[in-house]
Every structure is written in C-alpha cells, then in structure tokens.
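Colleague: My questions concern the predicted model and sequence given below.
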Amino acid sequence: MLRERAASALTAALARGGAGGYAALMEREATVAEQAARAARLSAVENGLCFGRIDHAPDHGGDTLYIGRIGIRDDDHESLLVDWRAPAARPFYSATPVSPDGLVRRRHLHMRDRAVTGVDDKVFDLDGLSDSDRRTLVGEAALLAGLRRGRTGRMRDIVATIQTEQDRVIRSDLAGVLVVQGGPGTGKTVAALHRAAYLLYTHRAVLERRGVLVVGPNPAFLRYIGEVLPSLGETDVVLRTVGELFPGVAATAQDPPETAVVKGSLRMTALVEAAVADRQRVPGEPGGTGPGSALVVAADGMRLRVPAAVCRSVRDRARALPLPHNMARKLVVNRLLEALARDQARQLDRPADEADLRYTAQALWQEEPVRRAIDGLWPHLTPQELVGRLLADRAVLERVGARAGLTESERAALHRPAGGPWTVGDVPLLDEAAELLGADNSADLAAERADRRRRADEERYAQGVLEYTGLFEDGLMAADTLAERQRGAAPAATTAERAAADREWAYGHVIVDEAQELSEMAWRVVMRRVPTRSLTVVGDTAQTGSPAGARSWSGMLGRYANRRLREQRLLVNYRTPAPIMAVAADVLAEAAPGERAPESVRAGGDPPRAVRVADTDLPARLPKLVAEELAAIGEGRVAVIAPPDRHTEVAALLPAAAADAGPGALDAAVAVLTPGASKGLEFDSVVVVDPVGVAASSAAGGRDLYVALTRATRRLTVVHEGPLPPMLRRLREEPA
Ligand SMILES: Nc1ncnc2c1ncn2[C@@H]1O[C@H](COP(=O)(O)OP(=O)(O)OP(=O)(O)O)[C@@H](O)[C@H]1O
C-alpha cells in the first residue's frame, strides 16, 4: 500500500507539469524527488520486509515490537515496524539468556515474499542457565536455515540473523579506527556492510554530506557485495578498489612480488619527494640541458643570460615556500623573467625601471624559447607525468632512487618499460605525487568563488520554498539538494558521485575490506580520504597474500590511530562446514603457526575429498569432476582454484567456465580463479587444483591455499598430481 501511495504521489507530482513559476517548479521538484526516493527505498527492501518480533517483559513495558528492514508508521504515526538499526531494535540482536535485555521472547519470522512460512522462537529463561547457553547463537534455527541456502553469486544481507558478536561490530561508535579481525567466513564483510547502513542511519546528518567509502580488493568483490546496501535501504556509498582511489586512473594490473614490496614501503615517500626535487633544477645539473654556468635563452634577437647562482637562489626560495611544486612555480617564473628582463636592459644599456621591467618580463613570457627554458628548470607537472617518467627512465630512477636511499636491486625492481599500464601499486605513488605537486588552480579557485556565491543565493531561495512547502520540517530534503536539482537539465550529482570524482574529498567514514592486503603506502592514500580517522578496518592477518600487506594491525595502523585503535574479534565461521575447516586449519597451522582458525558453526556436510590424477590425466578428469560437482550442488556455483602460473592451462580445460577475475566470474555456474582473485568470495563447491603448486607459488603460498580451501560453503575437492602433502592428510582419498 505504501509503495502504491508513493508511486501515485510521484505520478501526481510529475503530472503537475512545470507551469506556475519558479517556486511552484521547486515545490514540484521536491515532491518528485521525495516520492521517487521513497518508492525506490520501499522496492529495494520489500523482500523479507519484516523478519522479527520481540516481546518485552512486563517490567519493561510489556510491549511487542516488529522488526524490519526499514521503519514504517501508520497514518497516526504509530510505529508498525521498527527499523533494524533503531535503538529499540537492539535487544533483538543483543539479548542472550545471560542478559535478556528486558525481553521474554524473540521470534524470527521466515518469509517467502509476503507470506510467513515459519517462526523460530527463543524464550529467555533465566533459570537453569548453563555455561554453553552463554555462547548460544541468536536464533539458531533461523541462522542455520539461512546458511543452508544455495549461493547466488551475490552477497545477501543478514538482518534477520545478525549474531551478538557481529552486532557489537555493527553498532560500535563512529569515531576512531575499529579493527575487525576474524578468520574466513566469520562475517567480517557482511558485518562491515551492515555497519555502513547502521552508521548512515544513526549519523545521517554527518554522513549524508560527507559520504561513506568502502574499499575492497577487486571489482568482482565489489560487485559481489554491491547488492547488500541497497537491500538495507542505503545507496549513497562509494565502492572502490585501491586501484581506483586516484580519480582518472583505474588500475587493475598487479606488480610482481619484489616490485610490490618496494612500492608498498613507506620509503616511497622519500622517492617521490626526490623525484619532484629532481625536476627543480639549476643549469648544469644532471638531467638538465644547456651549458652549465647559466640559463641562456635566445629572445628578441638577443642572448639573454641568468647566472646559475641566481637560478639557485631562486630555486632555494621557491623550495622554502610552504607550497606544493606547481604553486611555487609562480615565484620561479616571476623571478627568472625578472632576471632575464634585467639582463636585456643591461645589454641595451637602459636603466632598470620597475614598470619597464614588468612589461619586458610579460613580453618575454610570450616567447616560446623563454617558456621552454623556464620549464626545463621548474616545469608544471602532473602526477602521471612525474611517476610515469620516474619508473620508465632508468637514468632518472638511478639518480633519484640513490638519493632516496634505495638499493640497486630495489631500483631495478621499480623499473618498467614506458607506456605500460598503471598498477595497483602505482596508485599510492600517484597520490603522493599529487600531494607534493598540487594543482595550479588559481583559475579554478576564482571560478569556484563565483560559483559558491551563486549557489548560496540559490540555496537561500530553495530554503524559503522548503519552509513554505513543509518539506523542510519533515527533513525530507535539504535546501542544497533542491537548489542543485534546479541547476541545468543534467541530474545533480549525488554525494557519492561528487566524492568519487574528487581526490581531495574527505569522507565521513571509510570501511576497508580484505584490509590485510593494503601496503603501508596504500594506507596513506586511504587515510588522506578520511582526516577524521573514522574507519572500520576488516580483515584477517592469517590470509595476507600480498608481500607488502599487514602482518599485524598495530604495526600497520598504529601510526595513524595509536590510542584510537580498537579491535574486535569474530571467532565463529558461518561459511565453511566443520570437516572442510578442519582440513584448512591444518594448512594454517603449517603456513602461519601463530594464527588460529575460527570454529565452524555448521557441522557435518559432505566429507571433503582428494582425487589423485596422473600428470597427463588432468585434461580428461577435471571436466568430469566439475560436472559431478555441478550435479551434486544443483542450483549453486562451483569455483576451480588453480595456482597463478597454471590458471591459463586449467581454464583451457573448462571452456564453458568464466576464466577472468572480472565481475563476470560471479554470474557463471563455474569460475576458474587464482587464490588471490577468490579472496572474499564463496562458492557452494570448490575444486582446488594442484595444492602443492598453490602453496609453492609465493612466499605467502601456504596462506593462499588456506584462502582457497575456505571459499567452500558445501563441498571441497582437491585434485593433486603428485603425492598428497601431509598437511592435507585429513582429506578422504578417492580411488583414481
Ligand atoms: N549472522 C549471520 N547470519 C547469516 N549468515 C551469515 C551471518 N554471518 C555471516 N554469514 C554468512 O557467512 C558467509 C561469510 O561471511 P563473510 O563473507 O562476511 O565472511 P568474511 O569474514 O568476510 O570471510 P573472508 O575472510 O573469508 O572473506 C556469508 O555468506 C555470510 O552471509
């Protein structure tokens, strides 16, 4: 009914047309926007709209509340459905037999479309409490029913079955850095996304303006999680990989491990600094052109000269300015033009009158050779130009790298041919360069000032309209949004769109997933996007695959957060059945003896198996094994995970499978992936090909094997050509 009402209000508002002057148009626009947003919100959350009910004890008011994806009130403003993020809904998630939070009963409603198909009750009985009750899962039957469902290739929300330890993560304070450490399948990703929805609901005023950024490991992963937030009623969130954090660059290529280590190190800040300094030259310095003792330019039929010592003092003064390179260039240009003008006056034997000098300097700036000569000493630079040249020009890399204290082998690791694609590891270098270079933005600033004045006028007007229509009081639309909708025919950019396009945007909150993979340099990029240091960092140091990634959270983040760093641990695995997890735990014990694998909530399931094939038999056996898996799981999805250097070979054996790591991998029944590309994803059945090859593929290969094994929600097959390594001894070996 509400949807129908929103839809007909929308139609009525649109039908009103544009007549009636500016105020009427504004009012119509406001109504259209409000009703369209409401209709979209109601459609997105319709599936399983109401999923719970709580009954309070008589001494806690004795009332009954229904919990849903969004809050709904009737015409008399009585609450029909409480939004799951509202404080009143909290006991639904936090009540346990030890502390029932004023409840006598919690009920989970199982829905299909609009019909209730079952209920699952938890009655809180304080008597007869046992130790194991303390760890009782919230709504166990509802949870297990949810976990058994087949995988669709998209993550689903878990509002109905959020567990107490996850609820603590979701409702944790906005301020400071919250680290959520947990093993595979403990719900880190899903809890972090629910946290985004919770924070947007609870701190809407701050976060709607500044936006929330979610950083994930690759585009497929972002697509995988992309549907969770809309289903929770939130769309204004920017999803990005680290390779996309620098606007205008979309890096997906990865560096080889030895290069990734160097590029991820904080010493790159010194390298980029040295690269900028290297472009601020005085005549005669290496890399420069022309004779060593002076800047010499042919202009106006004369040879004008500025001694190197003068150029040096100009450079020193420009460097001493608290300005980035491109801004400080103005001083260099002015001083050198003045020096050239003086030389011209001297050569013509004219007195150096200030006004004349200024005039001559301006005239000289129009001469191409003069510009070129000054550019040679202090050019205007873009980050792309600076970093591109640095990495592709061996001589520059040698000179600048040595100055920044890099060893010969580190310098060699950084070198790459000109014109290659940007890598994910280049993005922090570009961002660093952008900070040091700044933009020559005087024209932009003037335009911005004019624009701000115009906007303020329009907003004042829109505010009047909102007050007049009553929309303002209901908080349904802000004056700036309404004013923006009025500007031009193009739809106004949302906060998310504006934020994504602006390198210097300061987000209200940033969530980083698979955060163990970020290098020291990548963290600098992330931290620049959130000066308030309000972050949720989720990851698992046991799964770190990148050689430049985190081994400990305090080691990686202490310098940004120190006392404001707090850690929550998730200990229960909701994805991988216990028999598969036991195999994975053995691998972890070998690969990372200090780390602990999580406990599985799901017992039983099909026993994981090992299948030995002769070296030459893989082409014949693998397609059959995959077909068997597809038949065993019915509607679900299979991942074949192979070592990076065998990915192409294995993909060729399964021509119908999706073989690239792009978002398309999520829609196919079978995907062939490397362990790295499978991170964060899950599949009903996983077939790991060549476990020894996976473990040996890099220094973190053992951890990669652990990641691969823990992607399975139901079945696991390990295909091996040589003897089964001892760490996989729990697998049931199937006769060949
Ligand atoms: N409370 C819950 N109710 C229902 N399903 C849940 C719950 N918690 C987690 N899950 C499910 O468990 C699976 C694993 O969750 P998620 O991907 O968030 O784990 P993760 O900790 O990020 O794992 P990894 O480190 O392996 O990427 C998902 O399918 C998720 O929906």
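Modeller: Cool, the structure landed.
Colleague: Quick check: closest non-adjacent residue to the residue most central in space within the chain.
Modeller: Geometric centre of the chain, nearest residue: Val215, 0.9 Å, by Cα atoms, centre = their mean. Spatial nearest neighbour of Val215, excluding adjacent residues (Cβ to Cβ, 6 or more residues apart in numbering): Val512 at 4.6 Å. From N, CA and C alone the C-beta is placed, and that goes for glycine too.
Colleague: one step back: Arg240 is in contact with the residue nearest to the centre of the chain, correct?
Modeller: Yes. Between Val215 and Arg240 there is a contact at 5.8 Å, judged by Cβ atoms under 8 Å.
Colleague: quick revisit: phi first, then psi, for the residue nearest to Val215.
Modeller: phi -110, psi 120 (degrees, to the nearest 10).
Colleague: how near is it to Ala639?
Modeller: Counting by Cβ to Cβ, to the nearest Å, the gap from Val512 to Ala639 is 24 Å.
Colleague: do the same with Glu733
Modeller: From Glu733 to Ala639 the distance is 22 Å (Cβ to Cβ).
Colleague: the more surrounded of the two?
Modeller: More crowded of Glu733 and Ala639, by other Cβ atoms under 10 Å: Ala639, with 26 against 14.
Colleague: Just give me the neighbour total for the residue of the stretch 551-700 of the chain found nearest the ligand.
Modeller: Nearest residue of the stretch 551-700 of the chain to the ligand (Cβ to the nearest ligand atom) works out as Tyr574 at 3.6 Å. By other Cβ under 10 Å, 24 other residues sit near Tyr574.
Colleague: where does the residue nearest to the centre of the chain land on pLDDT?
Modeller: Per-residue pLDDT puts Val215 at 95.
Colleague: and it, which of the three is it?
Modeller: Reduced to three states with DSSP: H, G, I helix; E, B strand; the rest coil, the structure at Val215 is strand.
Colleague: before we move on, back to that, the residue of the stretch 551-700 of the chain closest to the ligand and Gly185 touch, don't they?
Modeller: Yes. With contact defined as Cβ under 8 Å, Tyr574 reaches Gly185; the gap is 5.6 Å.
Colleague: Could you list the low-pLDDT ranges of the stretch 301-450 of the chain?
Modeller: Scanning the stretch 301-450 of the chain with the threshold set as pLDDT under 70 gives 440-450.
Colleague: how about the residue in it positioned nearest to the ligand, what does it touch?
Modeller: Here the stretch 301-450 of the chain gets closest to the ligand at one residue, Val424, 18.5 Å apart by Cβ to the nearest ligand atom. Applying Cβ atoms under 8 Å, 6 or more residues apart in numbering to Val424 gives the contacts 241-243, 251-255.
Colleague: Among those residues, name the ones in strands.
Modeller: Among the contacts of Val424, the ones falling in strands (DSSP state E) are Thr241.
Colleague: Any quick PyMOL command for the buried ones out of the contacts of Val424?
Modeller: Buried members of the contacts of Val424, defined by 16 or more other Cβ atoms under 10 Å, are picked up in PyMOL with:
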select buried, resi 241+242+243+251+254+255
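Colleague: Tell me if Gln363 really is in a helix.
Modeller: Actually, residue 363 is Ala rather than Gln. Yes. The assignment for Ala363 (three-state DSSP) places it in a helix.
Colleague: what's the pLDDT at the residue of the stretch 551-700 of the chain closest to the ligand?
Modeller: 91.
Colleague: Tell me how far it lies from Asp157.
Modeller: Distance, Tyr574 to Asp157, using Cβ to Cβ: 14 Å.
Colleague: repeat for Gly702
Modeller: Taken as Cβ to Cβ, the span from Gly702 to Asp157 is 33 Å.
Colleague: And the two? Which one has more around it.
Modeller: More crowded of Gly702 and Asp157, by other Cβ under 10 Å: Asp157, with 23 against 19.
Colleague: pLDDT score for the more buried one?
Modeller: Asp157 is given a pLDDT of 78.
Colleague: how would you label it: helix, strand or coil?
Modeller: Per three-state DSSP, Asp157 ends up coil.
Colleague: List the residues that contact it.
Modeller: By Cβ under 8 Å, 6+ apart, the residues touching Asp157 are 69, 190, 193-194, 228, 231-232.
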